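In: this one's sequence-less:
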DNA sequence: GTCTATATGATGATAGAC
DNA sequence: GTCTATCATCATATAGAC
């Protein structure tokens, strides 16, 4: 039922999905949904919490297992970010795009998780810049660019035998380092 | 009325916006809308066409005014892509996110424009890779990453006196080149 | 836990007066 | 071009039987 809702929310959006559609996908009638969730919004809230908890937990595991070098950390974090997004693309889409359809009191926890994840994931870039191993053109914009790669990936990426999720994650991790590192050839 | 619809579609999505809300924002009653557009979908169709036409036209102008060097072309195209997205952020959001709420016959023209724009914008990267001035880790993924920067920009970027749209466009153009160029320090 | 029946209101769109 | 009145349908959610 969470899975069916996820699929529908991802394809049609939260307001574009009716409780009848969810029920039909599960194989029951709409009123029976309210035996499991008190409202349609609560279903979305649950999904959005799962998505944010997954990402935060993945970031925490990544940093715990990684050597403290900023370059290694950024590589590992970008890999984790991309892998999380393309491994559960529908969850990533719903988590990112439909969160704002929740009433403030039901999105607050997810937003807090997001803020924590963001701090965790951006810290190594900051530290690397302070240490001089990174010299991005503009750190905030570069951080946003790196995050954007992963956030958009679920919308276009289809794994193939030649390029699986791990391959994309490796490629994007390499791109992140290229973005952050000074390039001797281009001035400024 | 297009502007009011744009604002509402961007913030609430197409299914989450009612004709009554649009009418109220314009200062009329809902039935009067149908004097100007035959349906709610036709309003979205118009917006989505404007968005896609703007981007394609901007790409065409950019290439017409640019020297044929791949590096210069990619820089100019990324600048244009980013500028278009952050100059009309609501239009970019609606054009990208709400297009799929149109019936196929009303999204076809926009999709055709998108395909043309995509070909135009990716060609210099391909040519540069063939010529050896670029050596991305993986060209398709890198192209997607570069596009992602611009597509996501309307969601977070707020111009300030220190960093206006042109500054962000310059930063992202530089990042695109860094992504595409070979980096002597990192093997592979 | 599921159903049928239903409450209550919103939805996109139309008819027809002015 | 705008309105009021309205249609037919859909929405989320509840009541109560089984």
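Out: Received, thanks. Treat the numbers as computed from the prediction; the structure is a model and nothing was measured.
In: Can you pull the residues of chain A lying near DNA strand C?
Out: A:23, A:28-29, A:31-32, A:35-36 (Cβ under 7 Å from any atom of the strand). For the C-beta atoms, the positions are set from N, CA and C on the backbone; glycine is no exception.
In: and if we set it to 6 Å?
Out: Residues of chain A found near DNA strand C (Cβ under 6 Å from any atom of the strand) are A:28-29, A:31-32, A:35.
In: which ones among those residues are found in strands?
Out: Within the residues of chain A next to DNA strand C, no residue falls in strands by DSSP state E.
In: Tell me the one of those residues nearest DNA strand D?
Out: The shortest approach to DNA strand D among the residues of chain A next to DNA strand C belongs to residue A:31, at 3.0 Å (Cβ to the nearest atom of the strand).
In: Count the neighbours of the closest one for me.
Out: If you count neighbours by other Cβ atoms under 10 Å in any protein chain shown, residue A:31 ends up with 10.
In: now the one 10 residues further on
Out: The local packing of residue A:41 (other Cβ under 10 Å) involves 15 other residues.
In: does the helix or strand containing residue A:170 come close to chain B?
Out: Assigned by DSSP states H and E, residue A:170 falls within helix A:165-180. Yes - using Cβ under 8 Å from any Cβ of the partner chain, helix A:165-180 reaches chain B at A:167-168, A:170-172, A:174-175, A:177-179.
In: can you pull the contacts of the closest residue to residue A:48 other than its chain neighbours?
Out: Excluding the flanking residues, the one nearest residue A:48 by Cβ to Cβ, 6 or more residues apart in numbering or on different chains is residue A:110, at 4.8 Å. Residues near residue A:110 by Cβ atoms under 8 Å, 6 or more residues apart in numbering or on different chains: A:45, A:48-49, A:51-52, A:95, A:99, A:102.
In: just for chain A, where's the confidence low?
Out: Within chain A, the stretches with pLDDT under 70 are A:183-188.
In: same thing but at 50, please
Out: Scanning chain A for pLDDT under 50 picks out A:186-188.
In: Enumerate the residues of it near chain B.
Out: Listed as neighbours of chain B in chain A under the rule Cβ under 8 Å from any Cβ: A:12-16, A:97, A:101, A:136-138, A:141-142, A:144-145, A:147-149, A:151-153, A:156-157, A:163, A:167-168, A:170-172, A:174-175, A:177-179, A:181, A:183-186.
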